[in-house]
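> The following block contains a protein sequence and its predicted model.
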Amino acid sequence: MTVQIAAEETTGSPLINVSVFVVFVLITLFIVYKATTRNQTAADYYAAGSAFSGVQNGIALSGDFLSAASFLGISGAIAVHGYDGFLYSVGWLVAWLVALLLVGERLRNTGRFTVGDVMAYRMKQRPVRAAAANATLVITFFYMLAQMAGAGGLIALLLNVHSKGGQALVITGVGLVMVFYVLVGGMKGTTWVQIIKAGLLLTCVTFMSVFIIGKFGFSFSAILDQAAAGSPLGQSLLEPGGWYGDGAMDKLDFVSLSLALVLGISSLPHVLMRFYTVPNAKEARRSVVWCSWSMFLFYLGILVVGYGAAAMVGPDAILEAPGGENSAAPLLAFKVGGAVLLGVVAAVAFATILAVVAGLTLTASASFAHDVYANVIREGKADARSEVRVARLTAIAVGFLAIIGGIVTNGQNVAFLVSLALALAASANLSTILYTLYWKRFNTTGTLWSIYGGLGSGLILILFSPATSGSSTAIFKDVDFHWFPLTNPGIVSIPLSFLCGFLGTVLSKDPADPEKQAEMEVRALTGIGSKA
């Protein structure tokens, strides 16, 4: 009885937490069902028939990216590590400029459903689509790990489930609901869930941040002072170096992380796929603008929530709670508004995880079905019904792998795990997309070298880095086989992918197709034929 009372004093009533979450899931499942009366064609299932406006898609874009990493991971990183934790959000916000200025409009005009459409437009279809699909599946899997790890930590906190078996069971439940979203809703249903979730998340963070500032007399300085006073880092909580340190290798690691954050967003397959849900390039541009403003407001609030958690909850209590750093925002919600607000925050966090993983699952299944099944295996002769059926079967398989991965990585900081996915995305996709859109000489060999060179080097360096083994924060803490000194491979793998693409092109005897290139350039700039 004493243990139960202590748990409720920390995390509120598990009954209230679960009830609020179940109500949200039921409401969103109903909306998904009503919004998606037909998903007969591939365009309906993959891109919602390009029927969303720039405003709607912009809010959904922010919902797609404001994941467990942003809500749980960054708030916890700020509360425990201070200044260095907030720099995650700065990198992610600045990164949208790359999407706005270089990628968004041209990508929308050139492709139909997937990133593979763009990469293979003027190249040999089968090898390039296969490579694009492989990269999408790997990147999506790494991104899913972060979301499912966040689900495990959140459940552990809210239901006071400390056993790994109990947390694994709940991660499985979250994964099954996510797969159901994708199977029933397709892109249209998933987009509406993202829009609702983004609105709830912005409202929740804004309410919490205003209340916290009011509690300290509307003085942000007072919050910072109390946060520093209660932290083992002291005033260093407000200065660079609280997480990554001041050594030369620490600074290099931080530069590597920054490259991944800034260049990774405009390379994420599930983010890029959203540009196909709008009717034209103008709406694609509006999407990025609305997304940027939504994220700007959100991260201002997260700054207050993170330091507010350090001031009102304390880093020690956060680290000792189930879920570790990822529990900062829920613990603060309980301090601010008791069990009811904690239940609401829990529901929003769960909605965040469900919606983002649903978007990731949809992207992975679309990439396999459209790029591999329809265009490689069936050589472009697959009918829409069979393609959608394969996409749904792929979603089930991807969901199963995500559940297994989430159980393995349970307890890791989700913002850190996302940074690894961003490094892989920038390494495999960014160089290929930019070369394809802007370099006339770029050819099939260069495309394959840049995709596999960036993806392969990123995977190898992550596998043999302190992120995987040999450190107190590694996924496998009990073994040490690392030889790469940095936790994020971006500073090596991203430039290497550009170099591989360049060398593959200039050393290859395979000429570029000038007619296809001219056709692609006209289409990218004008949008003529983008619905073909």
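That came through, no problem. Numbers count the residues shown, from 1 in each chain.
> Quick check: which ranges of the stretch 101-250 of the chain have low pLDDT?
Per-residue confidence of the stretch 101-250 of the chain (counting by pLDDT under 70) places the weak regions at 111-113, 149-162, 181-182, 184-186, 242, 244-248.
> Helices along that one, start to end?
Using DSSP state H, counting those that start in this stretch, the helices assigned to the stretch 101-250 of the chain run over residues 104-110, 115-119, 125-158, 164-215, 220-229, 248-264.
> what's the first one packed up against?
I take that to be helix 104-110. On a contact count with 3 or more CB pairs under 8 Å, 6 or more residues apart in numbering; DSSP states H and E, helix 104-110 meets helix 115-119, helix 281-312, helix 431-438, helix 514-526. In this view, the C-beta of every residue, glycine as well, is placed from N, C-alpha and C.
> right, and those - which one's nearest Ser367?
helix 115-119 (6.4 Å; CB to CB).
> Just checking the distance from the closest one to the centre of its chain.
Centre-to-centre, helix 115-119 and its host chain are 20 Å apart (CA atoms, centre = their mean, to the nearest Å).
> repeat for stretch 318-333
With CA atoms, centre = their mean as the basis, stretch 318-333 stands 21 Å off its chain's centre.
> Dump that stretch to PDB, keeping only the CA atoms.
This file holds the C-alpha atoms of stretch 318-333, laid out as PDB (Å, rounded to 0.1, in the frame of the first residue of the first chain):
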ATOM      1  CA  ILE A 318      14.100  12.900 -13.100                       C
ATOM      2  CA  LEU A 319      17.000  10.500 -13.600                       C
ATOM      3  CA  GLU A 320      15.700   8.200 -10.800                       C
ATOM      4  CA  ALA A 321      12.200   8.000 -12.300                       C
ATOM      5  CA  PRO A 322      11.200   5.100 -14.700                       C
ATOM      6  CA  GLY A 323      12.100   6.400 -18.200                       C
ATOM      7  CA  GLY A 324      15.000   8.500 -17.000                       C
ATOM      8  CA  GLU A 325      15.500  11.800 -18.900                       C
ATOM      9  CA  ASN A 326      12.300  11.200 -20.900                       C
ATOM     10  CA  SER A 327      10.200  11.500 -17.800                       C
ATOM     11  CA  ALA A 328      10.900  15.200 -17.200                       C
ATOM     12  CA  ALA A 329       7.800  16.700 -18.900                       C
ATOM     13  CA  PRO A 330       5.300  14.200 -17.400                       C
ATOM     14  CA  LEU A 331       6.800  14.700 -13.900                       C
ATOM     15  CA  LEU A 332       6.600  18.500 -14.300                       C
ATOM     16  CA  ALA A 333       2.900  18.100 -15.500                       C
END
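> Can you point out the buried residues in it?
When burial is assessed from 16 or more other CB atoms under 10 Å, stretch 318-333 yields the following buried residues: 318-319, 321-333.
> hmm, which two among those are most spread apart?
The distance between the two most remote of the buried residues of stretch 318-333 (CB to CB) is 17.6 Å, for Leu319 and Ala333.
> element containing Gly359, please.
Gly359 belongs to helix 328-366 when assigned by DSSP states H and E.
> Now do that helix against helix 281-312, angle only.
Angle of helix 328-366 versus helix 281-312, following axes from the mean of the first three to the mean of the last three CA atoms, to 10 degrees, is 150 degrees.
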